[in-house]
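Undergrad: generate coordinates for the sequence data below:
(chains A and B)
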Amino acid sequence: MDLVTIVLAVTATAGLYMAWNIGANDVANAMGTSVGSGALTLRSALIVAAVFEFGGALLVGGSVTRTISGGIVGVETLAEGGDAMLVAVGMTCCLLAAALWLHIATYFGWPVSTTHSIVGSVLGFGLWAGGVDVVRWGVMGSIAASWVLSPALGGLLGFAVFSVIRARILRAEDAVVALQRLGPVLVFPIGLTLALAMIFRGLQPLRMDQSLGTALPIAVAVGLLFSALSVAFFRSRRWRDLEGSESERAERVFRGLQVVTACYVAFAHGSNDVANAVGPMAAVFGAVQEGLSERVEVPLNVLMIGAFGIVLGLSTYGFRVMATIGREITELTPSRGFAAEFAAATTIVIASKLALPISTTHTVVGAVVGVGFARSFGALNLRVLRGIVASWLFTVPVTAALSATLVALASLALGR
Amino acid sequence: MSPGTLCQPRRAASMRIPLANLLAKSPFPRIVEQMAAAKACAERVPALVAALLAGDDAGVARLAKETSILEGAADEVKNRVRTEMPLRIFLPVDRRDVLRLVSVIDRIADSAEDVGVLLTLRPLEVPDGLRPPLESFTSAVMETVAMASQLVGQLDTLVRASFGGEAADEALSLVRRLGEREHTADKLQDQCAKVLFRAEDQLAPVALFMWTKVLNEIGEIANHAENVGDQFRLFVAK
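TA: Purely as a prediction, here's the structure:
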């Protein structure tokens, strides 16, 4: 067996393990909100996640993947200076380092992010291989800023959306009628954001690389189409004879609506987090097979490995995590779940379009805290936020050191 | 310090689920429990008064002891509520208001216990004509406690409604009725006092003094119940 085959095999295995980890933990964290409120059963959550994660990764995931494979570290400079094999081995070590740290964090239950782990690893590899100059600090800086901003934006949006829902729907004279009237308005931005994310500078082979001037009108049309379709859902007869108080009846309608936001969250998650596994793999495959360019394209087979790993993670372990979350967060009623998912998914999709790898879990936590600031939960344990901030501070240095060590060892072993 | 010591995972390891840790255990069910304990304690008061009116000193002593034990139980629940509300917990209402609610509920049980103690200090003769106003006074006071307990029972619904809408209106209307009932109890207390002072020549001055204290202490129970209502006004207010 030659070195290339070995490297590719190790890469595929490490990438698969990363993807498995993402499926087992991150997807479950994102989808747990829907399971907790009873909008989705475990089985349907698995199906929704599998379909929409893949869709998000395929249609919008390219930007973040490129950031991880070639944006943080100038891999083409490294390849010119040494050879492509250095990049291949390095990126494989990045996957291994991130996976190792995640494994430890998961064992102890630390709220560590997959994204932060892989970004830290890539940074560590870059510093070891090419020194300070090879790292694109501007990109790194905006990524770091986005880690703080994304939970904050998620929180702000969650607070705003839930405040509107509370004032205009839950406290209305007839909550169900109010929801019937306002529901299509809530659905509109989902269609708009999704369509815009897909067709504005999207996938070129599918002709989804439109300019803003072309994409925006189409996105508005898609948003309106979503609204129009939702009218039928909101006017459905089944909401007419519901029993219980006004707000209880409205919650039942929200539970139906939350199926849409669950898909939205899965799509958003796919568009950002799948890159954590796929990005380094893409760099390795690119380095070994085609040589490197600044814009590493994502081969479909690499994406398939990522998608397969995620579905594998979900079905072997993620369902257990989802069930645990579902059991623990019963306070998250459908209206609150809707607001949190809407806020988180919108934030994540925006970040994906800006090519920023963010932590989806932290964004979901931010969104839930935002909803909580609208007086909607019995109690929030804000100590979790401290844990998250601590994980920000720890993860990058630790994974950077880990990956640098692994690359150094690998180079020694390979005699380079 | 590792992230692990900061986030303190509550459950089985090998999962990263900050979301589940974020939605913490609400202190409100515990407060409902505390109110139930305080109410159980206050409910000994009508029995105490009945034993007193029947001249059953042994009964009074036994009931006073029971009240004291029940007060201890209520105290225990109160302490548990307080220890389960660490600073890092974020509540939908001001944390200080919740702690104040806990202490007014506690005072209901305290006053009930004090009524029992006062009645055991000295055998107390019952003047003519005190029985009817005293019985209606006591039952009015008990009604305020029942209403306060009903109000506390609505906490869960209030949280689910984000302290607004129908649930808030309902709670506010109960607070209003509770206030009115407390006022009625006040009036009945005045009536008892009148009967008492009409009979002042037949009563020993010490007995008169003790009766005044007893009436005040029973009246205090209604005041505390009303304060429970006032805390709810703060919860619901913007």
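Undergrad: low-confidence ranges in the chain?
TA: Unless you meant another one, I'm taking chain A. Within chain A, the stretches with pLDDT under 70 are A:1, A:80-82, A:204-207, A:290-297, A:416.
Undergrad: hmm, no, I was thinking of chain B.
TA: Scanning chain B for pLDDT under 70 picks out B:1-14, B:238.
Undergrad: could you pick out the longest helix of it?
TA: helix B:165-198 (DSSP state H).
Undergrad: mind listing what's buried in stretch A:104-114?
TA: Residues A:105-106, A:108-114 are the ones in stretch A:104-114 that count as buried (16 or more other CB atoms under 10 Å in any protein chain shown). All C-beta atoms are positioned from the backbone trio N, CA, C, and that covers glycine.
Undergrad: could you list which of those residues also contact chain B?
TA: Among those, the residues that sit close to chain B (CB under 8 Å from any CB of the partner chain) are A:105-106, A:108-112.
Undergrad: any chance of those residues in a markdown table with distance to A:V73 as columns?
TA: Output for those, formatted as a markdown table (distance: CB to CB, whole Å):
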| residue | distance to A:V73 |
| --- | --- |
| A:A105 | 23 |
| A:T106 | 26 |
| A:F108 | 29 |
| A:G109 | 31 |
| A:W110 | 26 |
| A:P111 | 26 |
| A:V112 | 21 |
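Undergrad: tabulate the residues you listed (CSV), appending secondary structure.
TA: Formatted as CSV, these follow (DSSP: H, G, I helix; E, B strand; the rest coil):
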residue, secondary structure
A:A105, helix
A:T106, helix
A:F108, helix
A:G109, coil
A:W110, coil
A:P111, coil
A:V112, coil
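Undergrad: from these, which is closest to B:V126?
TA: Taking CB to CB as the measure, B:V126 lies nearest A:G109 of these, at 65.1 Å.
Undergrad: tell me the contacts of residue 34?
TA: Defaulting to chain A. A:S34 is in contact with A:40, A:45, A:48, A:258-259, A:261-262, A:265, A:337, A:341, counting by CB atoms under 8 Å, 6 or more residues apart in numbering or on different chains.
Undergrad: let's do chain B instead
TA: By CB under 8 Å, 6+ apart, the contact list for B:Q34 reads B:74, B:77-78, B:81, B:102, B:105-106.
Undergrad: return the subset of those lying in helices.
TA: With helices taken from DSSP H, the overlap with the contacts of B:Q34 comprises B:74, B:77-78, B:81, B:102, B:105-106.
Undergrad: on that earlier part again, closest one of the ones next to chain B among the buried residues of stretch A:104-114 to A:G124?
TA: Set against A:G124, the nearest of those by CB to CB is A:V112 (15.5 Å).
Undergrad: pretty sure that closest one contacts A:H103?
TA: No: using CB atoms under 8 Å, A:V112 is not in contact with A:H103, being 10.2 Å away.
Undergrad: where do the contact lists of those two overlap?
TA: Counting by CB under 8 Å, 6+ apart, nothing touches both A:V112 and A:H103.
Undergrad: angle of the longest helix along chain A against helix B:165-198?
TA: Looking across chain A with DSSP H, the single longest helix is helix A:246-289. Interaxial angle, helix A:246-289 versus helix B:165-198 (axes from the mean of the first three to the mean of the last three CA atoms, to 10 degrees): 140 degrees.
Undergrad: could you give the angle of the helix or strand following helix A:246-289 to helix A:246-289?
TA: Heading C-terminal from helix A:246-289, the first helix or strand you meet, by DSSP states H and E, is helix A:300-313. Counting by the same axes, to 10 degrees, helix A:300-313 points 140 degrees away from the direction of helix A:246-289.
Undergrad: helix A:300-313: how far from the chain's middle?
TA: Remark: helix A:300-313 is offset 15 Å from the chain centroid, using CA atoms, centre = their mean, to the nearest Å.
Undergrad: repeat for stretch A:366-373
TA: Relative to its parent chain, stretch A:366-373 has a centroid offset of 18 Å by CA atoms, centre = their mean.
Undergrad: and chain B, is it touching that?
TA: Yes: judged by CB under 8 Å from any CB, stretch A:366-373 and chain B are in contact via A:368-369, A:372.
Undergrad: by neighbour count, which of those residues wins?
TA: Of all the residues of stretch A:366-373 next to chain B, A:V368 has the most neighbours under the rule other CB atoms under 10 Å in any protein chain shown, reaching 33 neighbours.
Undergrad: so who does that one touch?
TA: Neighbouring residues of A:V368 by CB under 8 Å, 6+ apart: A:33, A:158, A:332, A:336, A:340, A:380, B:19, B:22-23.
Undergrad: measure B:I221 to chain A for me?
TA: The spacing between B:I221 and chain A, counted by CB to the nearest CB, to the nearest Å, is 28 Å.
Undergrad: chain neighbours aside, what residue packs nearest to that residue?
TA: Distances taken as CB to CB, 6 or more residues apart in numbering or on different chains place B:S111 nearest to B:I221, at 4.7 Å, with adjacent residues excluded.
Undergrad: thought the one you found was touching B:A225?
TA: No: the criterion here is CB under 8 Å, and B:S111 misses it with B:A225 at 9.8 Å.
Undergrad: neighbour count winner among those two?
TA: Between B:S111 and B:A225, counted using other CB under 10 Å, the more crowded position is B:A225 (32 against 25).
Undergrad: name the residue of the stretch 101-250 of chain A that lies nearest to chain B.
TA: A:G109 (3.3 Å; CB to the nearest CB).
Undergrad: that residue contacts B:R16, doesn't it?
TA: Yes: A:G109 is within contact range of B:R16, at 6.3 Å (criterion: CB under 8 Å).
Undergrad: and the stretch 1-150 of chain A, which residues reach chain B?
TA: A:25, A:28-29, A:32-33, A:105-112.
Undergrad: hmm, 7 Å instead?
TA: Neighbours of chain B within the stretch 1-150 of chain A, by CB under 7 Å from any CB of the partner chain: A:25, A:29, A:32, A:105-112.
Undergrad: can you give me the neighbour number for A:A145?
TA: A:A145: 11 surrounding residues under other CB under 10 Å.
Undergrad: helix or strand: which one has it?
TA: Taking DSSP H and E as the criterion, A:A145 maps to helix A:137-165.
Undergrad: residues making contact with the helix or strand following that helix?
TA: Once helix A:137-165 ends, the next helix or strand along the chain (criterion: DSSP H and E) is helix A:175-199. Contact with helix A:175-199 is made by A:59-60, A:168-169, A:172, A:208, A:210, A:215-216, A:218-220, A:222-227, A:230-231, A:234-235, A:239, A:246-247, A:249-250, A:253, A:257, A:260, A:264, A:267, A:271, A:346, A:349, A:352-353, as judged by CB atoms under 7 Å, 6 or more residues apart in numbering or on different chains.
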